[in-house]
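Engineer: Next input, structure requested:
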Amino acid sequence: MTRLSAIVLSAVAAISAVAAPAALQARDSGAFFTVQLAEATTESEAIAGGVVFRCEGTQCTAPRSGDRALRVCSELRREVGTIASFSAGGSMLSESQLSRCNG
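Structural biologist: So this is what the prediction gives:
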């Protein structure tokens, strides 16, 4: 391998190391939390579980957070009101979990 080839390979490896996390972040930028509220909220943004929820009418969405879904649900309820349904990563909270969230 020539010195030039080694330099090019090193540069490609360095760029890949920087670009890979950005690509993963872009892929994960979609909604992880999907929420249906019992009543429309006047809030356009609310913070729960360390993430910003974007709300419009009776729907709120947010990217993934490190907190458990039930905790995020409870924090969001305090900000925007009663939660009718709450989904985290495509998994809905059960009726008993939703009752605890709204408790």
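Engineer: Domains of this structure: list them as residue ranges, please.
Structural biologist: Domain segmentation of the chain under automatic domain parsing yields 1-29, 31-102.
Engineer: need the least confident one among the ones you listed, by mean pLDDT.
Structural biologist: Ranked by mean pLDDT, these end with domain 1-29 in last place, scoring a mean of 46.
Engineer: Just the helices from this protein, written as ranges.
Structural biologist: Taking DSSP state H as the test, the helices found in the chain are 3-27, 69-80, 95-102.
Engineer: ok, back up a step: ranking the domains of the chain by burial, who's on top?
Structural biologist: Among those, ranked by average contacts under mean count of other C-beta atoms under 10 Å, first place goes to domain 31-102 (a mean of 16). Backbone N, C-alpha and C define where each C-beta goes, glycine included.
Engineer: And that domain, end to end?
Structural biologist: 22 Å (C-alpha to C-alpha, to the nearest Å).
Engineer: Can you tell me how far Glu56 is from Glu45?
Structural biologist: Glu56 sits at a distance of 10 Å from Glu45 (criterion: C-beta to C-beta, to the nearest Å).
Engineer: any residues in contact with both of these two?
Structural biologist: Where contact means C-beta atoms under 8 Å, 6 or more residues apart in numbering, no residue is in contact with each of Glu56 and Glu45.
Engineer: partners of Gln36 in the sheet?
Structural biologist: Gln59, Ser85 (DSSP bridges).
Engineer: so what's it up against?
Structural biologist: Counted by C-beta under 8 Å, 6+ apart, Gln36 has contacts 58-59, 83-86.
Engineer: how about 10 Å then?
Structural biologist: By C-beta atoms under 10 Å, 6 or more residues apart in numbering, the contact set of Gln36 is 57-60, 83-87.
Engineer: distance of the most centrally placed residue in the chain from Gly49?
Structural biologist: Nearest residue to the geometric centre of the chain (C-alpha atoms, centre = their mean): Pro63, 1.6 Å. Going from Pro63 to Gly49 by C-beta to C-beta gives 10 Å.
Engineer: now do the same end-to-end measure for stretch 52-66.
Structural biologist: End-to-end distance of stretch 52-66: 13 Å, with C-alpha to C-alpha as the criterion.
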